[in-house]
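> Structure here, sequence nowhere to be found:
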């Protein structure tokens, strides 16, 4: 089966391609990327005015399976991913039970393949039961499919255990993905500590609780030579510490979330529990520093920290609500608006942070349109305006502060190994099947 | 105009004119307190629910008297005997009260923003009687009413709020009210009880009691909210009393007189000296009386009742 994607702006950070070209896909593999390319018997996709990029990669999602399927499961999470333009995700291990053994890691791999809506890579726990004491069987977990190790949600409290984990990462070659937080400073807090928490009387989470933990972890990576990745960087000082670490040659990478570069703690003024996540929305100075970090490459990846919670769990008093918000369906438009339209990153750099950047950190093959690569592709319209209605959301949960927000930029077609995992109605008129000269109502095979 | 508001969730969302409207409306209700029959028919036929999730004898009693003097039907919804203790969510509780067709809900709750939450889920008007560490608007209004009696106006006054600022909703509502009405506010307390970036709220922050009091017209003395602190914030009560307690010797050093307010309950010997408490008992008890009048004014204005004599 052949698919020819015609006339789009093809951006591939891996080959540094940026220009109008046709992309030929055959049997789920990229065959060629060239201007003016034609093909017999191909499904033809008219991508005029659209951007054609490698399928997006989100290295930080919570698909809640096993244990919390009422919030999300691998099926609903992968559907949200596909709709957001993603073809690969990495699932955090804070499930119930925790992903700390090969059986559970294999389960996530298998469920991802059954669902077949995006590549679902498990991140396994750093410590058994995420209890912060004993390391998991990291080599065995790597064999089972783990692409990294994290105790996300429960920071590794002991510097000694963190040191050993980083040392051991030299053996696995996989990153220690750190939720860096000094709990003795942050415990009891529900939002960023600053003028807004003072005004609202909500106990605060100081930036320093993140900064000191990031500083500790970067220093431990330095003395061990281990591979460190810092999750969801939200504070200006943390960006500085990572930047300095990189300058000294420390093996550290980092990610930022769309909500941290879009919103500030001012959003909490309404007491909306959908503005509550950890780390919290911080001050304007921090938001700008996160964007600057993405622009100069200090922050390597955009990751959503997609964290579904059931509606009833968020429909409570602010301090009773759990931390976390959805992210997969809003990441692309928010990145386009805040980073590209905001004038901080060019479009190829933004795409790099959403594809090749995270793929490299995880050591997975996603994030390129190079001939021979799997045909994981997203077509998006950078100018399409739409509103995030509840009806758009395909997650099981609806916890996002962006409900009702006017968004610009939308994934219209997502291909996973050449098969459509998401096809917007707007694509119907752009697709022609072989032998049918009339652009019609026919969709690509799913 | 207060009639434009569905609910009274906090001072922070009021215009200065609306604050003055409440304070002015409270004046005739103060006279009602002095009558032999202390009852007016303004809220006849309306049902007010007092929904208290935290123990409060003073505020609940004050609201209850205010409601009864306005002839409302009053229901005290007490948490210990309700299904909240059985794990019912605030939303479910709210919907149950809604089904009883309450016109107004006066709520006290331990979570900041809980009144905003309730307001989004019920048609009834919501009056905040204290939400976590966030606001206690009627306390700030009664403090202002008392200050106006003692000093004639709020604008231009220099007021010190002294004590456990971080954990105090009284402090927050007072800061909002006093700055809106043009007073100069200094908040004073040990550094561990001063929240971040107070200057951004338009107040001065200080850890020096004597200096703060020097040119002040009034001081609002707060108690230490031990029940909201999950860690020791001061080395000892003895040290706190010596450095931050309002004692007669600190007041004696001042060139002018000082209005001393206290929202109660007082801890004599800790934040306020016994002699100071005695000497200023008139003002402090006047706050309690004014509390009823101010709450009558709020209930009356929120009810949308026609103007009556």
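The structure has been received and is ready for your questions. The shown structure was predicted, so the numbers you read here are calculated from the model rather than taken from an experiment.
> how about the residues of the stretch 101-250 of chain B near chain A?
Neighbours of chain A within the stretch 101-250 of chain B, by CB under 8 Å from any CB of the partner chain: B:109, B:111-114, B:116-117, B:131-135, B:169, B:172, B:195-198, B:200-201, B:230. All C-beta spots, glycine's among them, are computed from the backbone N, C-alpha and C.
> swap the cut-off to 7 Å and go again
B:111-114, B:116-117, B:132-134, B:169, B:172, B:195-198, B:200-201, B:230 (CB under 7 Å from any CB of the partner chain).
> Could you pick out the residues of chain A near chain B for me?
A:188, A:193-195, A:197-202, A:204, A:271, A:315-320.
> mind redoing it with 6 Å?
Within chain A, the positions lying close to chain B (CB under 6 Å from any CB of the partner chain) are A:188, A:193-195, A:198, A:200-202, A:271, A:315, A:317-319.
> quick one, longest helix in chain A?
helix A:207-224 (DSSP state H).
> So for stretch A:308-323, what gets flagged as buried?
For stretch A:308-323, the buried set under the neighbour-count rule, 16 or more other CB atoms under 10 Å in any protein chain shown, comprises A:308-310, A:313-323.
> swap in stretch A:86-98?
Result for stretch A:86-98 [16+ other CB under 10 Å]: buried residues A:86, A:87, A:88, A:89, A:90, A:91, A:92, A:93, A:94, A:95, A:98.
> Contacts only, for the first one.
Under the criterion of CB atoms under 6 Å, 6 or more residues apart in numbering or on different chains, the neighbours of residue A:86 are A:56, A:58, A:118.
> Which of these sits closest to residue A:416?
residue A:118 (6.1 Å; CB to CB).
> what does the longest helix seen in chain B rub up against?
Looking across chain B with DSSP H, the single longest helix is helix B:281-303. With CB under 6 Å, 6+ apart as the test, helix B:281-303 has contacts from B:2, B:8, B:22, B:25-26, B:29-30, B:42-43, B:46, B:62-63, B:65-66, B:70, B:125, B:138, B:141-142, B:145-146, B:262.
> how far does stretch A:404-415 sit from the chain's center?
Taking the mean of its C-alpha atoms, stretch A:404-415 sits 15 Å from the chain's own mean (CA atoms, centre = their mean, to the nearest Å).
> again, but for stretch A:114-124
13 Å.
> Would you confirm that residue B:260 contacts residue B:278?
No: in this structure residue B:260 lies outside contact range of residue B:278 using CB atoms under 6 Å: 11.0 Å.
> and these two? which has more neighbours close in?
Legend: neighbour count by other CB atoms under 10 Å in any protein chain shown for residue B:260 and residue B:278, higher for residue B:260 (21 against 12).
> Which parts of the stretch 201-350 of chain A are helices?
Using DSSP state H, counting those that start in this stretch, the helices assigned to the stretch 201-350 of chain A run over residues A:207-224, A:236-247, A:258-262, A:284-296, A:311-314, A:331-335, A:347-354.
> Can you list the low-confidence ranges for chain A?
A:436-443 (pLDDT under 70).
> Let's see that with 80 instead.
Along chain A, segments meeting pLDDT under 80 span A:435-446.
> Count the residues that sit near the residue nearest to residue A:283 when sequence neighbours are not counted.
Leaving aside its sequence neighbours, residue A:283 sits nearest to residue A:194 (CB to CB, 6 or more residues apart in numbering or on different chains; 5.5 Å). Neighbour count for residue A:194, taken as other CB under 10 Å: 24.
> which stretches of the stretch 51-200 of chain B form strands?
Counting by DSSP state E, counting those that start in this stretch, one finds strands in the stretch 51-200 of chain B at the ranges B:73-78, B:104-109, B:125-131, B:158-162, B:184-188.
> can you pull the pLDDT of residue B:97?
pLDDT for residue B:97: 89.
> ok, residue B:72 to residue B:30 distance?
19 Å (CB to CB, to the nearest Å).
> now swap in residue B:127 and tell me
Distance from residue B:127 to residue B:30, by CB to CB: 19 Å.
> more crowded one of the two?
For residue B:127 versus residue B:30, neighbours defined as other CB under 10 Å are more numerous around residue B:127 (24 against 18).
> right, and the more buried one touches residue B:8 too?
Yes: under the criterion of CB under 6 Å, residue B:127 makes contact with residue B:8 at 4.9 Å.
> Quick check, the residue in the stretch 301-446 of chain A closest to chain B?
Closest approach between the stretch 301-446 of chain A and chain B, counting by CB to the nearest CB: residue A:317, at 3.6 Å.
> Contacts only, for that residue.
Applying CB under 6 Å, 6+ apart, the residues near residue A:317 are B:111, B:114, B:117.
> Same question for residue B:165.
If you count contacts by CB under 6 Å, 6+ apart, residue B:165 has them with B:171, B:187, B:189, B:193, B:194.
> wait, which of those is closest to residue B:159?
Out of the contacts of residue B:165, the member with the shortest distance to residue B:159 (by CB to CB) is residue B:187, at 9.6 Å.
> tell me which residues form a beta bridge with the closest one?
residue B:161, residue B:205 (DSSP bridges).
> Just list the residues touching residue B:51, thanks.
Counting by CB under 6 Å, 6+ apart, residue B:51 has contacts B:77, B:105, B:107.
> Which parts of chain A belong to which domain?
Domains of chain A are assigned by automatic domain parsing as A:2-52+A:375-432, A:55-362.
> So which of these is the most surrounded?
With neighbours taken as mean count of other CB atoms under 10 Å in any protein chain shown, these reach their highest mean count in domain A:55-362, at a mean of 22.
> sorry, back to before: state the distance from the nearest residue to the residue of the stretch 301-446 of chain A closest to chain B once chain neighbours are set aside to residue B:35.
Among residues not flanking residue A:317 along the chain, residue B:111 sits closest, at 3.6 Å (CB to CB, 6+ apart). From residue B:111 across to residue B:35, the span is 39 Å (CB to CB).
> swap in residue B:257?
Residue B:257 is 32 Å from residue B:35, by CB to CB.
> how many neighbours does residue B:58 have?
13.
> Now do the contacts for it.
No contacts exist for residue B:58 under CB under 6 Å, 6+ apart.
> mind checking pLDDT for residue B:228?
84.
> Leaving out chain neighbours, which residue sits closest to it?
Spatial nearest neighbour of residue B:228, chain neighbours left out: residue B:167 (4.2 Å); criterion: CB to CB, 6+ apart.
> Give me the neighbour count for that neighbour.
Residue B:167, neighbours per other CB under 10 Å, totals 23.
> That one contacts residue B:224, doesn't it?
No: the criterion here is CB under 6 Å, and residue B:167 misses it with residue B:224 at 8.0 Å.
> quick one: the helices in the stretch 1-150 of chain B?
B:16-34, B:57-69, B:90-99, B:114-121, B:137-151.
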